[in-house]
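*Asks:* predicted structure and sequence below. I'll ask about it afterward.
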Amino acid sequence: MRERFIETTTDLLADDPRSALVLADISAASFTSAARRHPDRVLNVGIREQLMIGVAGGLALTGLRPIVHSYATFLVDRAYEQIKLDLDHQGVGAVLVSIGGSYDGSAAGRTHMSPGDVALFDTLGDWTVHVPGHPDEVAGLLRAAVGGDEPVYLRLSTQTNDAAYPGDGRIRVLRRGTAGAPLVLAVGPTLTATLAATAGMDVTVGYTHTPRPLDAAGVRELAGSAVVLVEPYLAGTSSAAVGRALRDVPHRLLALGVERTDLRRYGSPADHARWHGLDAAGLRRSISAFLG
Amino acid sequence: MTTSTTTARPTDRLERLLSRVTGDEKHGPSAHSTLDVLWVLYDRVLRVSPDTVDALDRDRFVLSKGHGPAAYYAVLAAKGFIPEEWLDDLAGRDSRLGHHPDRVLVPGVEIGSGSLGHGLGLAVGMLLGLRAQGLLTPRAYVLLGDAELDEGSNHEAIAYAGLTGLGNLTAIVIDNRSATHGWSAGATMPLSAGAPVPLSAGGHARSANSAGIAARFTVNGWTAVTVDGRDHDAIQAGLDRRQPDRPHVVVAEINTKG
């Protein structure tokens, strides 16, 4: 996904004079040629993440469309107040593009993990949040985001599904259960594991790469007696959005995702998926226990 | 787009306008500490008027030190950016004027501020955005407090602005010695010194604290000058000393803490 981001952003900088890229060292080497061609619109501020967002806010205040990129833990967690004030409160948008969310950087330890990033955006204004599940979904989402003016968070990952499902963010049905069957909604790169986990179950499996705004109409249409959320970030992040979508519909909800506990373990992303119950076996255990 | 050439602060009028800013304004001294700098900027320096608040090539004034905006509001009213009547209902239920300004609510206000340490980074971004669009003449003036410099975000912006050679960026630091631990220029400029302290860019600071503040900027490639923050001609002269290829800071010394 990171490579697609770099390719697409490089093209956008050439095609759209309104676009600008703000970096804090991360991925800067990949934009060397772009920086040479567009020195006024490729800005590497150094390891200064607060400034990175502040500069983006200033660019946006002059009418440019900033793309801002770093690891999620630095882009969002560290610079949260700047996102809140230098973008949101100023009434301007930007396209924030992260890598390394949740436990993608598990070998680097907790300091480089960010499972709470999407939840932080829920404390702000109406941010669009894209969580692509496959590299082939990245370019379309990025181009659409840069073409607008609204605040957008694009969360890239090293975890990918087996197939891409580009689209407008509405829930795509991958497997349909019988009438009234529970909805299992996979977000981003959790889809392949979710499909494996629910094999043989009478459930509808839906997919979205856009949890914000959540496709409320799709949730209402597809939710049977129960909804299972499978998200690659903090468990329960979209529970409120599902609750709003089904505010007048009796339902049960199971929200699966990354747990809050600091495991204090390194290992691989696959290890962490297993420890958080987000591998196929863990998902099957949780979903089976919930649905009975 | 050029403002008037009035040379004297209309003290009575400004004081009258300030007096209209009623309510629970808890940063009164802070408001007064900025009054003279604000007046010089809006009366003599800034190329912006009520008719050009949306012009892309306008000068930007950024109140980073969002505390105590009463003086800011009074100057905006005196210059016709906002109706004087707005001053009467500070932070009221339907007021556009709060204890910290909101750019969306107040014409001519460039940023919403209040949480310290945001204005300089935003201004750097504004100038870089204008430069990317071929606009090199607009200038940005950022007003900070000496205590506000405690915020690390300012130092990110100071360092980067120096590296990028933003000659159209000027910071004005109101030095009323509010910073809890003060500012030291290092071993060569003792805090206890009462005599003028030399600055690397020439001129003299009247206090070691101001020299310490200036040093934070000059070490990052800025030019610096220290002035009496109540002396209008000195403030203007300090602002005029900026160079075309380096950002500039004016440390405006104010006696009253606030």
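*Replies:* Received the coordinates, thanks.
*Asks:* can you pull the buried residues of stretch A:116-135?
*Replies:* Applying a neighbour-count criterion of 16 or more other CB atoms under 10 Å in any protein chain shown, one finds A:116-121, A:127-135 buried in stretch A:116-135. From N, CA and C alone the C-beta is placed, and that goes for glycine too.
*Asks:* let me redo that: stretch B:237-250
*Replies:* In stretch B:237-250, residues buried by neighbour count (16+ other CB under 10 Å) are B:238-239, B:241-242, B:246-250.
*Asks:* picking up where we left off before, so of the buried residues of stretch A:116-135, which ones are in helices?
*Replies:* Counting by DSSP state H, the members of the buried residues of stretch A:116-135 that fall within helices are A:117-121.
*Asks:* closest to B:H181 out of the residues you listed?
*Replies:* Using CB to CB, A:L120 comes nearest to B:H181 of those, at 31.6 Å.
*Asks:* is it true that the closest one touches A:V76?
*Replies:* Yes. With contacts counted by CB atoms under 8 Å, A:L120 reaches A:V76, the gap being 5.8 Å.
*Asks:* now the common contact residues for those two.
*Replies:* Common contacts of A:L120 and A:V76, defined by CB atoms under 8 Å, 6 or more residues apart in numbering or on different chains, comprise A:I83.
*Asks:* run through the residues of chain B sitting next to chain A.
*Replies:* Residues of chain B lying near chain A by CB under 8 Å from any CB of the partner chain: B:56, B:102-104, B:110-112, B:115, B:117-118, B:120-133, B:152-153, B:156-157, B:159-160.
*Asks:* average model confidence for stretch A:124-142?
*Replies:* Averaging pLDDT along stretch A:124-142 gives 97.
*Asks:* and stretch A:281-289, by the same measure?
*Replies:* 98.
*Asks:* can you pull out the residues in contact with it?
*Replies:* Applying CB under 8 Å, 6+ apart, the external contacts of stretch A:281-289 come out as A:184, A:193-194, A:196-198, A:201, A:203, A:228, A:230, A:254, A:256, A:273-274, A:276-277.
*Asks:* residue of chain B nearest chain A, please.
*Replies:* B:G125 (1.9 Å; CB to the nearest CB).
*Asks:* skipping adjacent residues, who's closest to A:G125 in space?
*Replies:* A:D88 (5.1 Å; CB to CB, 6 or more residues apart in numbering or on different chains).
*Asks:* residue contacts, the one you found?
*Replies:* Contacts of A:D88 by CB under 8 Å, 6+ apart are A:124-125, A:151.
*Asks:* mind putting the residues you listed in a markdown table, secondary structure included?
*Replies:* As requested, those are arranged in a markdown table below (DSSP: H, G, I helix; E, B strand; the rest coil):
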| residue | secondary structure |
| --- | --- |
| A:L124 | coil |
| A:G125 | coil |
| A:P151 | coil |
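*Asks:* picking that back up, taking the buried residues of stretch B:237-250 one by one, which sit in strands?
*Replies:* Secondary structure assignment by DSSP state E places B:248-250 of these in strands.
*Asks:* and which of those is nearest A:S102?
*Replies:* A:S102 lies nearest to B:V249 out of these, by CB to CB, at 42.3 Å.
*Asks:* wait, isn't the closest one in contact with B:A171?
*Replies:* Yes. Taking contacts as CB under 8 Å, B:V249 lies within contact range of B:A171: 4.5 Å.
*Asks:* ok, and the closest non-adjacent residue to residue 182?
*Replies:* Chain wasn't specified; assuming chain A. On the basis of CB to CB, 6+ apart, the spatially nearest residue to A:P182 that is not a chain neighbour turns out to be A:A226, at 3.9 Å.
*Asks:* I was thinking of chain B, sorry if that wasn't clear
*Replies:* In space, and not counting its chain neighbours, B:G182 is closest to B:N209: 5.4 Å by CB to CB, 6+ apart.
*Asks:* which SSE is that neighbour in?
*Replies:* Following DSSP states H and E, one finds B:N209 within helix B:208-218.
*Asks:* chain center to that helix, what's the gap?
*Replies:* Using CA atoms, centre = their mean, to the nearest Å, we find the averaged C-alpha position of helix B:208-218 to lie 16 Å away from the chain's own average C-alpha position.
*Asks:* repeat that for stretch A:168-180.
*Replies:* Here the centre of mass of C-alpha atoms in stretch A:168-180, compared against the chain's by CA atoms, centre = their mean, lies 20 Å away.
*Asks:* so which residues of the stretch 151-292 of chain A form strands?
*Replies:* Across the stretch 151-292 of chain A, reading from the start of the chain, the strands by DSSP state E, counting those that start in this stretch fall at A:152-155, A:172-175, A:183-187, A:204-208, A:226-234, A:252-258.
*Asks:* can you put the ones you listed in TSV and add mean pLDDT?
*Replies:* Rendered in TSV, the data for the strands of the stretch 151-292 of chain A read as follows (pLDDT from 0 to 100):
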stretch	mean pLDDT
strand A:152-155	98
strand A:172-175	98
strand A:183-187	98
strand A:204-208	98
strand A:226-234	98
strand A:252-258	98
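*Asks:* need the winner for burial among those strands.
*Replies:* Taking mean count of other CB atoms under 10 Å in any protein chain shown as the contact definition, the stretch among the strands of the stretch 151-292 of chain A with the greatest mean neighbour count is strand A:183-187, which reaches a mean of 28.
*Asks:* just the CA coordinates for that strand, please, in CSV.
*Replies:* In CSV, the C-alpha atoms belonging to strand A:183-187 read as follows (Å, rounded to 0.1, in the frame of the first residue of the first chain):
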residue,chain,number,x,y,z
LEU,A,183,-24.1,-9.3,9.6
VAL,A,184,-20.4,-9.7,10.0
LEU,A,185,-18.8,-6.5,8.8
ALA,A,186,-15.1,-6.6,8.1
VAL,A,187,-13.2,-3.3,7.8
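*Asks:* chain center to that strand, what's the gap?
*Replies:* Here the centre of mass of C-alpha atoms in strand A:183-187, compared against the chain's by CA atoms, centre = their mean, lies 15 Å away.
*Asks:* show me what it is packed against.
*Replies:* Secondary-structure packing of strand A:183-187 (3 or more CB pairs under 8 Å, 6 or more residues apart in numbering or on different chains; DSSP states H and E): helix A:191-197, strand A:204-208, helix A:216-222, strand A:226-234.
*Asks:* what angle separates the second one from strand A:226-234?
*Replies:* Between the direction of strand A:204-208 and that of strand A:226-234, the angle (axes from the mean of the first three to the mean of the last three CA atoms, to 10 degrees) works out to 30 degrees.
*Asks:* name the helices or strands packed onto strand A:204-208?
*Replies:* Contact partners of strand A:204-208 among helices and strands, from 3+ CB pairs under 8 Å, 6+ apart: strand A:172-175, strand A:183-187, helix A:191-197, helix A:216-222.
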